[in-house]
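Model the structure of this input:
(2 chains)
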Amino acid sequence: MSTDSTTGYRASVPTVTYDLVKELALALVGTLALVLLLSLVLSSPDVAPVTIQSWAQKQPVDFVTTAVAELAGNSTSADYGPPYNDGSGSVQRIGFFSPQAWAGVHEPVDSAQDFVLQPLERAAAGNPELSESLSAYRGAAEKQRQGWLEAYGKALKDAKVEDGRVVVADGDYGPLPIMMRHLLEIARAGGLDGYLLASGHFYQTDYTRPLLFLGDGSYLASLAEDQHLLGNQWGMMNETGNYPGQSWLWLYTLWYQVPPYNGAANADLLVVLTMAVLSLGLVLVPFIPVVKDIPRWLPVYRLIWRSHHAGGGPQS
Amino acid sequence: MREASAPDQEAMGWTGALRRYLARRLPLENLLPERQPYYVGSWVYVFGVITIAALVWTILSGVVLAFFGPQWWHVSGVGRFFNSLHFWSVQLFFVFMVLHLWGQYFAAAWRDGRAPTWMIGAVIFLVSILAAFTGYLVQENFDSQWIAVNAKDAVNSAGIGSFFNVLNFGQMYGLHVMLVPVAVTILVTVHIVQVRMRGVVEPLEQRKESAR
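Got it, this is the predicted structure:
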C-alpha cells in the first residue's frame, strides 16, 4: 500500500489505499462460511414446549395441587399483584418506590375463575355430575369453601395416582374431588390447553393465562432445573442442552448470584435498576472520569496500533 | 425551470437546501473513500465490519423464517436449517459486537468529537439485546416458555409489564420481526455514517492529557 495525503478528515495524516467494499464483501463471505459450518455441524436447540396436557399426564398430583391453590387464592398468580390483579405477593418495592404498583392492573387475571372454574363451566355442558358439583361449590359459603380447599390441599400431599386419577384419603372435601377429577380428565385429553386460550375471539396469540398457570406448578421448574435454567444456575443466560444462550446477559445474571441481590425479596427491581444505571454509564463512557481515562493508562492501545507505536509512523 | 447544468449553489426550495446540506455533510469521498489513514491497518478495525456482516446474515435468515411463519422451523428440516443460520448469526453478531466494543473502548474511540459515535454504538448494543430477548421469547419451545415465565417478574417489577407483556407471543413476535430490527438497522446506518464522516480515531499517544 502506498502512502499519500488527501482531503477531508484525512488531510492531516498520511493515507494508504483501502478498499472498504472489498473488505465488506470478504467479511460477508467469511462470516457466511462460519455460520454455515456451525449450522451444519451443530444445528440449533429446540426442546419441545410443555403443554397443560403433558403436565397433567406426567405429574397429575402437581397439576391438581396447583389447581386447588388457584381456587384457594394462595398460588403465585392468585396473589401476584399488578399487572395481573390487586394482590401483593409479587409486588416489589424499594421503600415507597414501586413502579409495579404505580403501573396498575393492565392484564387482568383471576386465577380461580380463569384457570379452573370457567374451563369447568364450559366442560359442564351435558355433564350433570360436574354441573351439580360446580353449583354446590358456588353455592357454598366462603368459609365452607376454604375449609374444603384446606382439607383437600393437605390430603393431596399424600395423594396417589391410580389409573391416571389422583386418589386421596377420605375426608370432607365437598364437591372438590369431582371438580378436580373432571379438570384433570379435561387437561389430560388436551382440552384445558384450548380453554385457557379461549378469549371470545377467533384468533389468539396471547399465552398469558396458560403460562401463568404452568408457572404456578412445580413441573415446569423441575424441567428447567434439568436444563440448568434456574435463576441460581445462571439460567437467564443459558440455553437448553449444551448450546450457548444469551451469554450477553452475563452481567444481568451475575447480580442474582451475589448478595444482597440473591437474598432480597425485591431482587428483580434491584437488578433492573442496577442494570439501568450501568447501561446509562455505558452510553456515557466518554464523559465519565476515570472510566474514560483507563484506555490511556493501560497499554492495550499499543497492541491495537502496534506498528504505529513500534515505528512511530505509517505502517508498511 | 432550472437548467440541469446550473451550479448546485443555486438550487432552490427545500429540496435544493436538503441536497446542498447532504452534499456538504455527507460527501461521497468521505462515505466511500478509496484511501484511509495509515493506522487503519490494525486488526481491531475488522471487528466492526464482521459485526455488520453477521447482522446482514441475521436479518436475511430472519426474513426467511418470518416469511414461512413461526411454526415452520419446528416441522421442516429446511426450516430448522434456516433457524440454525439465524441462531449462529446472532451468536456471532454478539461475539463480534462485544469484541468491537472492547476494541473501541481501549482505543478511546470517542476522542476528537467522536462521543456521539460511541453513544450510538452503545445504544445499538442495548437495542440488540432487546432484539435477541424478543427472539428467544418467540422460539415457541421450552426455552421461550421458561424465559417468559421468569422474565415477567423482572419486567413487571419495573412497571414495564403493563405495556410490554413477555407472555404475549403476538406482541413479542411483532416487536422481534419488525420494530426492533428496523431500529437496529437505522441505528447501525447512522453509526456507519458517523464513522465515515469523522473517520477512524487516531492512535492513542502516551500523553498526560485525558482520553477525552
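
For my notes, confirm residue B:186 occurs in a strand.
No. According to DSSP: H, G, I helix; E, B strand; the rest coil, residue B:186 belongs to no strand; its state is helix.

residue contacts, it?
Counting by CB atoms under 8 Å, 6 or more residues apart in numbering or on different chains, residue B:186 touches no other residue. Using the backbone N, CA and C atoms, a C-beta is placed for each residue, glycine as well.

Repeat that for residue B:187.
The neighbours of residue B:187, taking CB under 8 Å, 6+ apart as the test, are B:120, B:123-124, B:127.

Looking at the residues you listed, spot the one nearest residue B:92.
residue B:124 (15.7 Å; CB to CB).

Do you have the strands of the chain handy? List them.
All of this is about chain A. Secondary structure of chain A, counting by DSSP state E: strands at A:3-4, A:15-17, A:160-162, A:165-167.

please go with chain B instead
For chain B, the strands defined by DSSP E cover B:35-37.

and the end-to-end length of stretch B:158-170?
Chord length of stretch B:158-170, first to last residue, is 22 Å (CA to CA, to the nearest Å).

buried sites along that stretch?
B:158-162, B:164-169 (16 or more other CB atoms under 10 Å in any protein chain shown).

What of stretch B:170-182?
Buried, per 16+ other CB under 10 Å, within stretch B:170-182: B:171-173, B:175-177, B:180-181.

Which single one of the residues you listed is nearest to residue A:253?
residue B:172 (20.3 Å).

Can you name the residues of the stretch 51-200 of chain A sitting close to chain B?
Neighbours of chain B within the stretch 51-200 of chain A, by CB under 8 Å from any CB of the partner chain: A:82-83, A:90, A:92, A:99-100, A:102-104, A:106-107.

Just the ones in helices from these, please.
In helices, defined here by DSSP state H, the members of those are A:99-100, A:102-103.

So which of the residues you listed wins on neighbours?
Among these, the one with the most neighbours (other CB atoms under 10 Å in any protein chain shown) is residue A:100, at 27 neighbours.

got a list of what it touches?
A:81-83, A:91-93, A:269, B:156-159, B:161.

what does residue B:121 give?
With CB under 8 Å, 6+ apart, residue B:121 has these contacts: B:100-101, B:104, B:191.

related to what we said a few turns ago, comparing the strands of chain A by mean pLDDT, which bottoms out?
In terms of average pLDDT, strand A:3-4 trails the rest of these, at a mean of 42.

Quickly name whichever of the buried residues of stretch B:158-170 is closest to residue A:139.
Closest approach between the buried residues of stretch B:158-170 and residue A:139, by CB to CB: residue B:167, at 33.6 Å.

so where do the helices sit in chain B?
B:13-25, B:28-31, B:46-68, B:72-75, B:77-106, B:115-137, B:142-157, B:169-174, B:180-198.

Farthest-apart pair in the ones in helices among the residues of the stretch 51-200 of chain A next to chain B, please.
Across these, the longest distance by CB to CB is 7.3 Å; it joins A:100 and A:102.

joint contacts of those two?
Shared contacts of residue A:100 and residue A:102, defined by CB under 8 Å, 6+ apart, comprise residue B:159.

Taking helix B:180-198 as reference, get the angle to the longest helix seen in chain A.
In chain A, taking DSSP H as the definition, the longest helix is helix A:20-42. Helix A:20-42 and helix B:180-198 are oriented at 140 degrees to each other (axes from the mean of the first three to the mean of the last three CA atoms, to 10 degrees).

Spell out whether helix A:20-42 and chain B are in contact.
Yes. Against chain B, helix A:20-42 shows contacts by CB under 8 Å from any CB at A:20-21, A:23-24, A:27-28, A:30-32, A:34-36, A:38-40, A:42.

Mind giving me the PyMOL command for buried ones among those?
Listed next is the PyMOL selection for buried residues among the residues of helix A:20-42 next to chain B, using 16+ other CB under 10 Å:
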select buried, chain A and resi 23+27+28+31+32+34+35+38+39
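
Geometric centre of chain A: which residue is closest?
residue A:236 (8.1 Å; CA atoms, centre = their mean).

How many neighbouring residues does the closest residue in space to that one that isn't next to it in sequence have?
Distances taken as CB to CB, 6 or more residues apart in numbering or on different chains place residue A:253 nearest to residue A:236, at 4.8 Å, with adjacent residues excluded. Around residue A:253 sit 19 other residues, with neighbours defined as other CB under 10 Å.

want to try TSV for the residues of the stretch 51-200 of chain A next to chain B, with distance to residue A:13 and pLDDT as columns?
Shown next, in TSV, are these (distance: CB to CB, whole Å; pLDDT from 0 to 100):
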residue	distance to residue A:13	pLDDT
A:82	58	96
A:83	56	97
A:90	59	96
A:92	54	97
A:99	50	97
A:100	54	97
A:102	54	96
A:103	53	96
A:104	58	95
A:106	56	95
A:107	58	93
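
returning to what we had before: can you tell me which of the helices of chain B the model trusts least?
helix B:28-31 (a mean of 86).

Residue A:114: which of the residues of the stretch 51-200 of chain A next to chain B is nearest?
Closest approach between these and residue A:114, by CB to CB: residue A:107, at 11.1 Å.

Would you point out which residue of the stretch 51-200 of chain A is nearest chain B?
Nearest residue of the stretch 51-200 of chain A to chain B (CB to the nearest CB) works out as residue A:99 at 3.1 Å.

how many neighbours does the closest residue to residue B:35 other than its chain neighbours have?
Spatially, and ignoring its direct neighbours in sequence, residue B:35 is nearest to residue A:15 (4.0 Å; CB to CB, 6+ apart). A count of neighbours around residue A:15, defined by other CB under 10 Å, yields 22.

hey, what's residue A:15 bridged with?
On the basis of DSSP bridges, residue A:15 is bridged to residue A:4, residue B:37.

tell me the contacts of residue 171?
Went with chain A since none was named. Residue A:171 makes contacts with A:151-152, A:155, as judged by CB under 8 Å, 6+ apart.

wait, I meant chain B there
Per CB under 8 Å, 6+ apart, neighbours of residue B:171: A:205-206, B:164-165.

at 7 Å instead, please
residue B:165 (CB atoms under 7 Å, 6 or more residues apart in numbering or on different chains).

which of the helices of chain B is buried the deepest?
Per-stretch averages of neighbours, counted by mean count of other CB atoms under 10 Å in any protein chain shown, single out helix B:142-157 among the helices of chain B, with a mean of 23.

How far does that helix sit from its chain's centre?
Mean-position distance between helix B:142-157 and its chain equals 25 Å (CA atoms, centre = their mean, to the nearest Å).

What residue in the stretch 151-300 of chain A comes nearest to chain B?
residue A:205 (2.9 Å).

In this structure that residue contacts residue B:170, no?
Yes. Contact criterion CB atoms under 7 Å: residue A:205 and residue B:170 qualify, at 2.9 Å.

Would you mind listing where the stretch 201-316 of chain A has pLDDT under the threshold?
The stretch 201-316 of chain A contains residues with pLDDT under 70 at A:312-316.

For it, which segments count as helices?
For the stretch 201-316 of chain A, the helices defined by DSSP state H, counting those that start in this stretch cover A:208-216, A:219-226, A:250-255, A:267-283, A:294-297, A:300-304, A:306-311.
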